[in-house]
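Asker: heads up, no residue letters with this:
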């Protein structure tokens, strides 16, 4: 993936998801339509750095609304927060709940970290492989992935399902069964 700004235009749903977290763009410098007065000065500095903590909420907003984060949506988030694309890409690819590739709107994340592994998440994954196929397989309506800790260690093995939309729907199965 080229890690520079693109001229890609985000879908309306992607833009609405980001704007719901960040508010509407105030100028052409932060994702709005370029106006003549935007060419006279650039905004940024302390105000822009003070909003960097909104990167994760903006990524979640797009992922939860659309089901994945497109290059255009990532670019729009970067422009809105004045964050380099390489930095946002690093964050988006670090977390297992995000996807930078299109996938079904319903995704099941099965925890395979140590607590869930001790409670036999391997057999849960084996049952899913038999029924649906390997991680990332799609049956047209949903896909599943092995994930690191979902924060439900005391109820292992755990699974979290996300149905992307407005509003997104989450469901937790802990202890989970296929």
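Answerer: Cool, the structure landed. Computed from a prediction, not measured in an experiment: that's the story for all the values here.
Asker: just for this structure, where's the confidence low?
Answerer: Per-residue confidence for the chain (pLDDT under 70) gives these ranges: 1-5, 27-49, 139.
Asker: let's go with 80 and repeat that
Answerer: By pLDDT under 80, the low-scoring segments of the chain are 1-7, 26-51, 137-140.
Asker: Now residue 107: closest residue in space that isn't a chain neighbour?
Answerer: Using CB to CB, 6 or more residues apart in numbering and skipping residues adjacent in sequence, the residue nearest residue 107 is residue 162, 5.2 Å away. (Glycine included, C-beta is placed from N, CA and C.)
Asker: which residues does that neighbour bridge with?
Answerer: On the basis of DSSP bridges, residue 162 is bridged to residue 107, residue 170.
Asker: so who does it touch?
Answerer: When the contact criterion is CB atoms under 8 Å, 6 or more residues apart in numbering, the partners of residue 162 are 64, 67, 97, 106, 107, 109, 168, 169, 170.
Asker: now it: how far from residue 13?
Answerer: Distance from residue 162 to residue 13, counting by CB to CB, to the nearest Å: 15 Å.
Asker: for residue 121, same thing?
Answerer: If you go by CB to CB, the gap between residue 121 and residue 13 works out to 33 Å.
Asker: likewise residue 157?
Answerer: Summarising the geometry, the distance separating residue 157 from residue 13, computed by CB to CB, is 33 Å.
Asker: quick one: the helices in this structure?
Answerer: Using DSSP state H, the helices assigned to the chain run over residues 12-22, 45-49, 55-66, 71-81, 85-94, 114-118, 121-131.
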